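Enquirer: sequence first, predicted coordinates after that:
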Amino acid sequence: MIRIALKQHLAGAALFGMLALAASGPVAAQTDSGNTPDAAAPGARVSGAAPSNQVVVTGVVPDQATKAAVLERLRALYGKERVIDEVTVGNVVAPPNWSTYLSRMLVPDLTDVSRGRLVINGNSATIEGDVGNEAQRQTVVSNMAKQLNPSYSIENNLAVGSSKQEILDKALANRTITFETGSAELTDNGRQIVNEMAAALKKLDGRTVEIIGHTDNNGARQANLALSEARAQSVKQALVAKGIDADSLITLGAGEQRPIASNETPEGRARNRRIEFRIQGQSAESTDND
């Protein structure tokens, strides 16, 4: 029997079974390795540590090619720097073309699922967790199913949970969190907005939130990455000072890598300089000024 379970918190996931892969994002995902003998049931799982926002992949797979394919796919989805490889290759048996279907099933839409779990037992799969809206709920499973042959079935237990993200969206209201020029120090106005975000975060019932810093493309890439991470850390520190649990906040610096507007104009660059608050696969974003 082959069993794969994918557990996910926000941007993370966990898989295990005959191939057990698990990827955990902001919140660590717990997985089990199955009770069937290795010869009958390969397993891998992915779980991770919240502070570093990692995707940890562990377990046993039937061959090196399967391991490589899954790692490559997860790295493409979540970023190479986030995927931690703890997968081993063992004497396990998988259905025909199982590695191919497994990789295909790891569709980009999985990153829209938070607090989720995907279990694949042989040719049957069940996915649960939170998504932002009904369209996402249908799309995630539909896009997974399109990658499979008719012998596979997927049970859709995803739930719509966008209300929590809406709390952040409304609190930020497209406003700008500003910093001192070329610095990670919040301006007085920026700190005021962050303080208001703290009040919103207290309404999230302990949900984990990613604070992601972004810059425009001016300057060296590594410098932009460092600045965006430092600004995200400054926002986190300000929130913790207002009583938000530090363990519920994950920081990430994206630098110039995820623009939402053209960097060819001052207006576009201003939009790209932003702080993003993300929960349940959605985001609340604020522009800032370099």
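Expert: Received the coordinates, thanks.
Enquirer: rounded mean pLDDT for stretch 264-274, please.
Expert: Taken as a whole, stretch 264-274 carries a mean pLDDT of 83.
Enquirer: could I get it in PDB with only the CA atoms?
Expert: C-alpha atoms of stretch 264-274 as PDB (Å, rounded to 0.1, in the frame of the first residue of the first chain):
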ATOM      1  CA  GLU A 264      10.300  51.400 -15.100                       C
ATOM      2  CA  THR A 265       8.300  54.200 -13.500                       C
ATOM      3  CA  PRO A 266       8.500  55.900 -10.100                       C
ATOM      4  CA  GLU A 267       4.900  54.900  -9.400                       C
ATOM      5  CA  GLY A 268       5.600  51.300 -10.200                       C
ATOM      6  CA  ARG A 269       8.700  51.200  -8.000                       C
ATOM      7  CA  ALA A 270       6.800  52.800  -5.200                       C
ATOM      8  CA  ARG A 271       4.200  50.000  -5.400                       C
ATOM      9  CA  ASN A 272       6.900  47.300  -5.400                       C
ATOM     10  CA  ARG A 273       8.400  48.700  -2.200                       C
ATOM     11  CA  ARG A 274       6.000  47.100   0.200                       C
END
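Enquirer: now it, how far from the centre of its chain.
Expert: Here the centre of stretch 264-274 is set off from its chain's centre by 25 Å, with CA atoms, centre = their mean, to the nearest Å.
Enquirer: kindly report the same for stretch 98-107.
Expert: For stretch 98-107, the distance to the chain centre is 19 Å (CA atoms, centre = their mean).
Enquirer: name the residues of that stretch that are buried.
Expert: Within stretch 98-107, the residues scored as buried using 16 or more other CB atoms under 10 Å are 98-99, 101-107. In short, each C-beta sits where N, CA and C put it, glycine included.
Enquirer: can you redo those residues as a markdown table with secondary structure and distance to D188?
Expert: What follows is the buried residues of stretch 98-107, written out as a markdown table (DSSP: H, G, I helix; E, B strand; the rest coil; distance: CB to CB, whole Å):
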| residue | secondary structure | distance to D188 |
| --- | --- | --- |
| W98 | helix | 58 |
| S99 | helix | 55 |
| Y101 | helix | 55 |
| L102 | helix | 52 |
| S103 | helix | 50 |
| R104 | helix | 51 |
| M105 | helix | 49 |
| L106 | coil | 45 |
| V107 | coil | 44 |
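Enquirer: ok, now how distant is V89 from V119?
Expert: 22 Å (CB to CB, to the nearest Å).
Enquirer: compare those two and say which is more crowded by neighbours.
Expert: Higher neighbour count among V89 and V119: V119, with 21 against 16, using other CB atoms under 10 Å.
Enquirer: which stretch of helix or strand covers the more buried one?
Expert: Using DSSP states H and E, V119 sits within strand 114-121.
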